[in-house]
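Engineer: Model the following, please.
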Amino acid sequence: MRTRGSIQLARIFGIRIGVSASWFFVVLFLIVILSQYFHEILGGSNSTAYAVAVAGSLGYFGSLILHELGHALVSRRMGIPILGIDLWFFGGMAKQAREPETAGEEFKIAAAGPAVTLALVVLCAVGIVVAASGSDFTEAALTREGAHTTPLLALLGWLLFINTLLLLFNLVPAFPLDGGRIARAAIWWRTGDRNRGTRVTGRAGQGFAILLGIAGLALFVDGSLSGLFTMVLGLILYQASGGAVLQGALGQRIQSVTVSDIMDREPPTIPAELNVLDAQEQFFQHYKRPWFAVVDHARHFLGVVRSERIDAEIAAGRPALEVGDVLEQDLAVGIDEHEPLEALLKSEGLGRLGGMVAIDADGILRGEVTLAQIRQALSPAGGS
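Structural biologist: Residues are numbered from 1 along each chain as shown. Below you'll find the predicted structure:
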């Protein structure tokens, strides 16, 4: 459900809100559908129905943004950076830099989104009560054809309906829905095993996705266009929940493996006092590698240096500059040698550099782990 190459719509509380190019077509499609819906309810001119449809579409996606902001802000408060929020037709996703480390964190983050949606449901209901001015609340809220309503009540009724639907749907205890994440947090808290919670809720997600597919097929055969969207949603959920099942199974298999079990204990390292010209000739040209760990005389890990930086310094006429002065900044590539392999797989440096440096409690370099070594370590587990 994660979009790639998204277009930024806005920044809220410093969080990037992005959408794919297809999202704009989805908005137009929703406006067309809602225009027909509101015209049947309100009658009168098409322009009024169109204006309410535009407001309803923006209100729907605004509700999604607020829902995801609930996740994002609580996540950030837990110390988990947010990379952004991506919207898609059926919802959105707040992208976290890392997974929650405790069941409590998981529960608070997962519950924040539904809590925001519940608040929106209450606000819409209150708005209908105030705007109805003595009219029957049920009739105003349902906004069915022939109901006595106004554009404002029709809009509030739609937002009440769609947010209630989103709330109930998200609370289904099936991964990757919020209800599934809440259930995973409960299983994690009860058993102490996050991977077990992921597997259980992932399988529940697969079952729920199959039910959605069957329901969507029945609706589509009956002539309802919504059945097609329901089947697509079921397919997307099945793929996501299937990935969760595999993730949980893999996590179970590797939870006893640590960084020290798979690392190279004698990797080539560059002394910090070596000049960049010698580093290029003795290390980068010899080993044909894009980066090296840099250490001091006692093998304390100081950072990493990339070949691009070495080449740039030489080209700039600074071949005598020491390697210790050209280390990469703000690149977390060090990991404790006793950390589990699961923690290594989630590390930022692994994704950005293709490897990590294993250190001990005193900061001394003990080894190095690359993606190739990780694949080799995972292949027996994958085949078992």
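
Engineer: where along this structure do the strands fall?
Structural biologist: For the chain, the strands defined by DSSP state E occupy 7-12, 15-19, 82-88, 91-96, 269-271, 291-295, 301-306, 334-336, 355-359, 365-370.

Engineer: If you average pLDDT over each of the ones you listed, which is lowest?
Structural biologist: Per-stretch averages of pLDDT across the strands of the chain put strand 91-96 at the bottom, with a mean of 81.

Engineer: before we move on, the earlier item: I'd like to know which of the strands of the chain is closest to L123.
Structural biologist: strand 7-12 (18.3 Å; Cβ to Cβ). For every residue, glycine as well, the C-beta is placed using N, CA and C.

Engineer: Within the sheet, what are the partner strands of the closest one, with directions?
Structural biologist: Its sheet considered, strand 7-12 pairs with strand 15-19 (antiparallel) by DSSP bridges.

Engineer: and the gap between the nearest residue to L152 once chain neighbours are set aside and A49?
Structural biologist: Leaving aside its chain neighbours, L152 sits nearest to A131 (5.3 Å; criterion: Cβ to Cβ, 6 or more residues apart in numbering). From A131 across to A49, the span is 18 Å (Cβ to Cβ, to the nearest Å).

Engineer: And these two? Which one has more around it.
Structural biologist: A49 (22 against 16; other Cβ atoms under 10 Å).

Engineer: Could you verify my assumption that that one touches I31?
Structural biologist: No: with contact defined as Cβ atoms under 8 Å, A49 does not reach I31; the gap is 10.3 Å.

Engineer: Contacts only, for G227.
Structural biologist: Residues in contact with G227 (Cβ atoms under 8 Å, 6 or more residues apart in numbering) are 215-221.

Engineer: My read is that the residue nearest to L152 contacts P151, right?
Structural biologist: No: the pair A131 / P151 is not scored as a contact, 10.2 Å apart, by Cβ under 8 Å.

Engineer: Test for you: state the pLDDT assigned to R4.
Structural biologist: 49.

Engineer: Quick check: which of the strands of the chain is buried the most?
Structural biologist: strand 355-359 (a mean of 25; mean count of other Cβ atoms under 10 Å).

Engineer: Let's see it as CSV, backbone CA atoms only.
Structural biologist: This file holds the C-alpha atoms of strand 355-359, laid out as CSV (Å, rounded to 0.1, in the frame of the first residue of the first chain):
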residue,chain,number,x,y,z
GLY,A,355,26.2,-2.9,5.3
MET,A,356,26.7,-2.2,9.0
VAL,A,357,29.7,-2.1,11.4
ALA,A,358,29.6,-4.3,14.5
ILE,A,359,31.0,-2.7,17.6
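
Engineer: Could you list the paired strands of it along with their orientation?
Structural biologist: By DSSP bridges, strand 355-359 pairs with strand 334-336 (parallel), strand 365-370 (antiparallel).

Engineer: Could you save those as a markdown table and add columns showing distance to I270?
Structural biologist: A markdown table is the format used below for the strands paired with strand 355-359 (distance: least, Cβ to Cβ, whole Å):
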| stretch | distance to I270 |
| --- | --- |
| strand 334-336 | 15 |
| strand 365-370 | 11 |
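
Engineer: Please name whichever of the ones you listed is nearest to A298.
Structural biologist: strand 365-370 (9.9 Å).
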